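Student: What follows is a predicted protein model with its sequence.
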Amino acid sequence: MSIRIRQDAILRALRRNGTSTVDALAQAVGTSRRTVLRDIGALREEGYAIHSDVGRGGGLRLDPHAMQTTARLSVPEVFALIISVAAMRATGNLPFSELADAGLARIEKSLPADKVRDLRALLDCLHIGQLSPLQNLSDMGRIDRDLLPAFETAFLGRALIRFAYRDAKGRTSQREVEPQAMLILPPLWYLVGWDPGRAGFRHFRMDRISDPEAVAGTRFRRRHVPFEDDVCPYRDMRRHLE
């Protein structure tokens, strides 16, 4: 479980239960007391008002009305919102598109300059197209929640990304590629990577990727990805970032 996912789980537990002990939270998220206390400190720094009640029956309590304005979404979270809206728009199923765009624009304006730069780089690697009606979707699964943060770390740091991949025949292999782009062909999402061992681009269905991680100490250069004519770069939200 990643740090962000674990901290989100702690917040959900506090919202549901009202008050919880450190031991109960540690058991709920499967970690140690020390890690929970460190996470609570990090959440407080983000602006979450988490109070410690002393005495019998005391514990940790989240004040939902005292959320400070300093809390911001991370770049992967904003990117996830943008590409989710983009995917829905590509299918023609986004009835409140103007409201969605306005909300995203406000979120982006709250990002500091360095995060805006990172978000712009991620949007540059996003491409959207149409899926062939002959595509078999019977084995479509869920996408690993750790994939987007791992992609962001690897892509922005120009490091290789390593993961386990299950192919169409169910065979699993370990792959290590240069993350060059993301491709959305609703409802399928792909990681487009340059495979150094095969000296070529490969498209990996994201729902077949597991255990992704950026490989420390590696470095790659950006490459031109030869998409077909019917696959276009995503630019709709970039107008808010200029």
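Tutor: On my side now, so go ahead. Numbering: from 1, shown residues only.
Student: okay, the residue most central in space within the chain: pLDDT?
Tutor: Nearest to the mean C-alpha position of the chain, by C-alpha atoms, centre = their mean, lies Leu148 at 3.5 Å. pLDDT recorded at Leu148 is 91.
Student: Neighbours of the spatially closest residue to it that is not a sequence neighbour, how many?
Tutor: Spatial nearest neighbour of Leu148, excluding adjacent residues (C-beta to C-beta, 6 or more residues apart in numbering): Pro76 at 5.0 Å. The C-beta positions use only the backbone N, C-alpha and C, and glycine is treated the same way. Burial of Pro76 is recorded as 19 neighbouring residues (other C-beta atoms under 10 Å).
Student: Quick check: which element contains Pro76?
Tutor: helix 75-90 (DSSP states H and E).
Student: Arg106 falls within a helix, correct?
Tutor: Yes - counting by DSSP: H, G, I helix; E, B strand; the rest coil, Arg106 falls inside a helix.
Student: Give me the neighbour count for it.
Tutor: 10.
Student: Look up the pLDDT of it for me, please.
Tutor: 75.
Student: ok, it to His127 distance?
Tutor: Per C-beta to C-beta, to the nearest Å, Arg106 is found 26 Å from His127.
Student: Over to Phe163?
Tutor: Counting by C-beta to C-beta - Phe163 and His127 are separated by 20 Å.
Student: Over to Ser32?
Tutor: 42 Å.
Student: Looking at these two, which is more packed in?
Tutor: Neighbour count, other C-beta under 10 Å: between Ser32 and His127, His127 has more, with 19 against 11.
Student: Quick one: name whatever helix or strand follows the host helix or strand of the more buried one.
Tutor: Using DSSP H and E, His127 falls within strand 126-128. Counting by DSSP H and E, the element after strand 126-128 in chain order, helix or strand, is helix 147-157.
Student: which parts of that following helix are buried?
Tutor: 147-156 (16 or more other C-beta atoms under 10 Å).
Student: Save those residues as a markdown table, and put in distance to His224 too.
Tutor: Shown next, in a markdown table, are these (distance: C-beta to C-beta, whole Å):
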| residue | distance to His224 |
| --- | --- |
| Leu147 | 24 |
| Leu148 | 23 |
| Pro149 | 26 |
| Ala150 | 23 |
| Phe151 | 19 |
| Glu152 | 21 |
| Thr153 | 23 |
| Ala154 | 19 |
| Phe155 | 15 |
| Leu156 | 19 |
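Student: ok, these vs Ala42, which is closest?
Tutor: Pro149 (15.4 Å; C-beta to C-beta).
Student: Just to check, the closest one is in contact with Val75?
Tutor: No - using C-beta atoms under 8 Å as the test, Pro149 is too far from Val75 to be in contact (9.4 Å).
Student: what is the mean pLDDT for stretch 177-189?
Tutor: On average, stretch 177-189 scores 93.
Student: what number of residues lie near Arg142?
Tutor: Neighbour tally, Arg142, other C-beta under 10 Å: 7.
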